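**Q** could you look at this predicted model? Sequence included:
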Amino acid sequence: MDIWLELEKCLKTAGNISFWWRDDDVCAPKKKLITLTNIRYERRLERTLKLLAKYNIPGIFAVIPKNFLEHKGGQFELIQKYNTFIALHGTEHVNKSKTGPKSEFPDDCDVQKTLREILENKTKFEEVFKDRLLPMFVPPFNSICALLKQQLLGNGFAAVSVINAGTHEPYNVDIDFMDWNARKLRPEREILAQIINLIKNGQTTIGFNNHHHAINMCSFKFLEKLVRTLSGFDNVKWVLPF
Ligand SMILES: [Zn+2]
């Protein structure tokens, strides 16, 4: 059976299903890169924001704080224009792990110093974005040391959002659209099959993780069709994960 038909068939009998959308790596313009890159990123961000607005989807855009409020620029303006929800995405979004998988906040990070930096960013972003800044922290590379996570949850953050692996938490994303080796959208069939599987396994809240930087016009058509298809079902709701 065609995978799109299979998805529709699955949704028809699924009961109430909620989806939510996290979109990562909104950032200040990178001055060292050629301007064309900034323009391309802005265009892709706006296309995504427009799509979500069209279907009344409360997307959460994870913003890299470094220089974002100071440099402003096109991505800052778009976030303001579309009045979207945002979350803090690390501090600088750099890998600080000397060994093992990438992490901005490895086990040997200075927890108190990092906590201070994150809370300072939270205060500065709240001044500008008010309650559109959600109390959700999104650590880059889906990695954060346990002690820092605990400190964030005790200091004004309601959730630390990574990707669900094995266990399910509603504030963690389930499906990352990106193929990180090729740095482009994963095959459509694979993403749809993953959605179908989660529904068949009884999951009722499913979190998507998009990276608008990587979505060219061709892969955007898939996102458009996905959102249109899901939104066509009365039993489907788009939500915030908490
Ligand atoms: Zn990121």
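**A** Thanks, I have it.
**Q** looking at residue 71 now. What's its pLDDT?
**A** The model reports residue 71 with a pLDDT of 91.
**Q** please apply the same query to residue 64.
**A** pLDDT, read off for residue 64, is 98.
**Q** and residue 53, by the same measure?
**A** The model's pLDDT for residue 53 equals 98.
**Q** assumed it was part of a helix.
**A** Yes - applying DSSP: H, G, I helix; E, B strand; the rest coil, one finds residue 53 inside a helix.
**Q** so how far is the longest strand along the chain from its chain's centroid?
**A** As assigned by DSSP state E, the longest strand anywhere in the chain is strand 17-26. Remark: strand 17-26 is offset 5 Å from the chain centroid, using Cα atoms, centre = their mean, to the nearest Å.
**Q** check which helices and strands it sits against.
**A** Packed against strand 17-26 by the contact rule (3 or more Cβ pairs under 8 Å, 6 or more residues apart in numbering; DSSP states H and E) you find helix 35-54, strand 60-63, strand 205-210, strand 236-238. All C-beta atoms are positioned from the backbone trio N, CA, C, and that covers glycine.
**Q** does residue 144 count as helix, strand or coil?
**A** Residue 144 is classified as coil under three-state DSSP.
**Q** neighbours around the closest residue to it other than its chain neighbours, how many?
**A** Excluding its sequence neighbours, the residue lying closest to residue 144 (Cβ to Cβ, 6 or more residues apart in numbering) is residue 105, at 4.6 Å. Per other Cβ atoms under 10 Å, the neighbour tally for residue 105 reads 25.
**Q** next one: residue 108
**A** Neighbours of residue 108 (other Cβ under 10 Å): 12.
**Q** OK, contacts around it?
**A** Residues counted as contacts of residue 108 (Cβ atoms under 8 Å, 6 or more residues apart in numbering) are 98, 145.
**Q** please enumerate the strands of the chain.
**A** Counting by DSSP E, the strands of the chain are 17-26, 60-63, 85-88, 133-137, 159-160, 175-176, 178-179, 184-185, 205-210, 236-238.
**Q** now check the first one, is it near the ion?
**A** It refers to strand 17-26. Yes - using Cβ under 5 Å from the ion, strand 17-26 reaches the ion at 24-25.
**Q** where does the protein dip in pLDDT?
**A** Per-residue confidence for the chain (pLDDT under 70) gives these ranges: 32-34.
**Q** need the residues of it near the ion, please.
**A** Selection of the chain residues close to the ion by Cβ under 5 Å from the ion yields 24-25, 140.
**Q** okay if I get those residues as CSV plus neighbour count?
**A** Formatted as CSV, the residues of the chain next to the ion follow (neighbours: other Cβ atoms under 10 Å):
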residue, neighbour count
24, 25
25, 21
140, 23
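**Q** could you export the residues you listed as CSV, including distance to residue 221?
**A** Formatted as CSV, the residues of the chain next to the ion follow (distance: Cβ to Cβ, whole Å):
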residue, distance to residue 221
24, 21
25, 21
140, 28
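**Q** and the residue nearest to residue 125 when sequence neighbours are not counted, how far from residue 237?
**A** Leaving aside its sequence neighbours, residue 125 sits nearest to residue 133 (Cβ to Cβ, 6+ apart; 4.9 Å). Residue 133 sits 23 Å away from residue 237, going by Cβ to Cβ, to the nearest Å.
**Q** ok, residue 112 next?
**A** Residue 112 is 40 Å from residue 237, by Cβ to Cβ.
**Q** more crowded one of these two?
**A** residue 237 (14 against 11).
**Q** wait, the more buried one touches residue 16, no?
**A** Yes - between residue 237 and residue 16 a contact is recorded at 7.1 Å, counting by Cβ atoms under 8 Å.
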